[in-house]
Structure formats: C-alpha cells, structure tokens
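Asker: give me coordinates for this.
(3 chains)
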Amino acid sequence: MELVGVIITGIGVLFLFLGNFGILRLPDVYNRIQAGTKCTTFGTFFTVIGIGIIQPEWFWKCLLIAVFVMFTNPISSHAIARASKKSGIPLCDRSVVDQTREFEEKEEA
Amino acid sequence: MGDNNPHPILRVKNCLYLFIFLLSIWIILTNTFQYEELLTGILISFVLTLILNKNYQKLGLPPIGLKRLVYFIIYILVLLKEIIKANFDVAYRVLHPKMPIKPGIVIIKTELKQDIAKILLANSITLTPGTFTLDIKNDELLIHWIYVRSEEKGESTKKIGKKFEKYLKVVFA
Amino acid sequence: MNETIIIVFLGLIAGGILLSLIRMLIGPTASDRAVAVDTITTTIVGMLVILAFVFDRYIYLDVALVYSLLAFVGLCAIARFMERGF
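Answerer: Numbers count the residues shown, from 1 in each chain, chains lettered A, B, ... in the order given. You can find the predicted model right below:
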C-alpha cells in the first residue's frame, strides 16, 4: 500500500515541476495560465491523495484539501485571465484566431 | 433557478441535506468523534443552516434522485480521465523542443440554464486538454485554445463542450 | 518512504518554485507575475502536505488548507484590482 502511495505522490510532484517549467517556457500570459492551472491542479491533487494513501488516518482530510484545490484553482486562474484580457494584454505572434471582439459586440447589442 | 416557492416538505428536506453536508465537513476537519466536539459541530451546523438556507435555495440545486446521481458519478469519471489526458498533453507541449502550439481565442455555445451548471461546465473546460474559459456571458463562453483545430463556432462547440454538457444536462434537468 | 525519495521529491518541488520565481522576477506584465504567484502558492500547498508527512504533524494539514484558502482570496483581490482598480 505504501508503494502505491509513493508512486502516486511521485507522479504528482513530477507534474508540479512540469507546471512550473511551463510557466517559465511558454510565450504569453494565456499559454502560461494553461500550463500553470492544469499541471498544478493535477499535481497537487495527486501529491495530497498519495500522502493520504500512505497515512490512512489522514485520508479524509487530504481528500478535503484536494477537492478544495480542484474547485478554487480554476476559478482564480479564470479571474486572472479575464483581468489580463480586459486590461488589454495582446496574444503572442503565433496565435491564429481571436474572436474576442465578436464576443464583446454581441454583449452590447 | 427552480421554483420560488417550493413545497414546505421539500424545503425541510433541502435544509436537512445542507445540515448533513456541513456536519460531515466538520467531522472531517476535527477528525474525532468525541462527545463535546460533535455537540459543538451540531450546534454550528444548525446555525449555519438557518443562515445559509435562503442562499442555498437560490442556487437552484436540483432534488437528489438516483438517475441524477448515476449521471453525476459518470461525469466525475469522465472529468478525471480528461484531466489525466490534459496533463500529458501539456507536458508534451512544454517539453517538446519546438513547442507545437497554435493558440487562439474562440467562442462556444452552451445549452445549460442554471448558473451553477455553467460554473461546473466552465471549470471542467478549464481542466480539460488545451482549453480554458476566459469569460461567460448568457449562453456563450469565451475559450482560449492552445492548439486551435477549428475556427467555426458549431465545430468548436462540438469539440470542446459536448462531452460534459451531455451529462450535466441530465443532472440539472 | 525512505529519506532519498523524500529529498528527491522536495528537491523537485523546490526547483519548480525556483523556475516560477524567475518568471515572477522577469515577467514583462503584471499578469505574468500574478500567474507565477498563483502557481507558486498551489505548489506550496502540495509541499506543506509532504512536510506534514515528513515531520509527522497532523496540524500542518490545517495550515495547508488555510493557506490555499487565503491564496485563493488574495488572487481574486489581485485580479479584481487589475481589472478596474480599487
């Protein structure tokens, strides 16, 4: 049982590292948010659940932390993304399509 | 948003669900079954139920039924599968020396009505491969896509939203 | 879990936080820095849970829970500030 927990924690830690690496490497804010949100949510979830499996008395509280992070992390990154869109940060040069203007116009009509 | 004036028995039932939910969170947090702790927990949950009751009714949560529960569990399983796929996808894009990205912002449509259903849909879109939600307005979502596969609205709706909407529509019917 | 594995795990997490810290220092816009802070805080929640296991202190789990709650509220405040100012 402990081995399973260690492996799950290991996967989580690896993805936490990859998420942080993505933050450094990707070209603009929106792509960085992609890497940041997904990898850290998944990584924290697996790390915490893995520790819960190693230490069975802690399992329920670990599950509570994991579910909490899974609910709040997308919301906070969504808030930041919307704020940076509204404050007019452009997309990077490699972007192919931007339908934001269409969206905004429909809102006024 | 549900009925404004539900049947009294239904209301008491909803209050009971909220009370049980709050009490179970209290038990997880304190992690004991001691007599005093439980008594405090019951008191606090009761007071919170009285305060939160009105907001809880306004959320428009559907009544609990077997079919809804089954569909919700299937939804959670699909979500977990998609999350795992999403992570390998991001890891591949980050580690690849040429970084195969083709980012863009697209609009998709949703058929869900309740606010809480839309929030769940937006959160699950954020956690699935290559997409995340920028903004919600009425029945449209603004989505950032790390590798744009189609720019036309109907096509992208089918590719991004449909797999969750299918289940959420039954849960919140 | 033996010591080597724990050191490897904590080392990976520390390396990750260092990378995000670099992005926070050089990030060209305010949002870049905010995203980097978001990532760092979520990473630290995972680190706190591992540390709770290492030192065998149950109370550290509460610390992790409250930390994630405060980080969430703080980031929402930052986002609101960037959107239209106070």
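
Asker: for the lengthiest helix in chain B, packing partners?
Answerer: Counting residues, the longest helix in chain B under DSSP state H turns out to be helix B:66-95. Secondary-structure packing of helix B:66-95 (3 or more CB pairs under 8 Å, 6 or more residues apart in numbering or on different chains; DSSP states H and E): helix A:2-25, helix A:29-54, helix B:115-127, helix B:162-171. C-betas here are computed from N, CA, C, even on glycine.

Asker: what residues does the shortest one touch?
Answerer: Right, helix B:162-171. B:62, B:67-68, B:71-72, B:74-75, B:78-79, B:82, B:110-112, B:117, B:120-121, B:124-125 (CB atoms under 8 Å, 6 or more residues apart in numbering or on different chains).

Asker: same thing but at 7 Å, please
Answerer: B:62, B:68, B:71-72, B:74-75, B:78, B:110-112, B:117, B:120-121, B:124 (CB atoms under 7 Å, 6 or more residues apart in numbering or on different chains).

Asker: centroid residue for chain B?
Answerer: For chain B, the residue sitting closest to the mean C-alpha position, by CA atoms, centre = their mean, is B:L120 at 2.5 Å.

Asker: relative to B:N55, how far out is the residue nearest to it when sequence neighbours are not counted?
Answerer: Closest residue to B:L120 apart from its sequence neighbours, by CB to CB, 6 or more residues apart in numbering or on different chains: B:L168 at 6.2 Å. Noted for B:L168: a distance of 21 Å to B:N55, by CB to CB, to the nearest Å.

Asker: who's more crowded, these two?
Answerer: Comparing B:L168 with B:N55 by other CB atoms under 10 Å in any protein chain shown, the one with more neighbours is B:L168, at 23 against 8.

Asker: so how far is the lowest-mean-pLDDT helix or strand in chain B from its chain's centroid?
Answerer: Within chain B, confidence by mean pLDDT, DSSP states H and E is lowest for helix B:153-160 among all helices and strands, at a mean of 72. Put simply, helix B:153-160 sits 20 Å off its chain's centre (CA atoms, centre = their mean, to the nearest Å).

Asker: how about stretch C:3-14?
Answerer: Chain-centre distance of stretch C:3-14: 16 Å, with CA atoms, centre = their mean.
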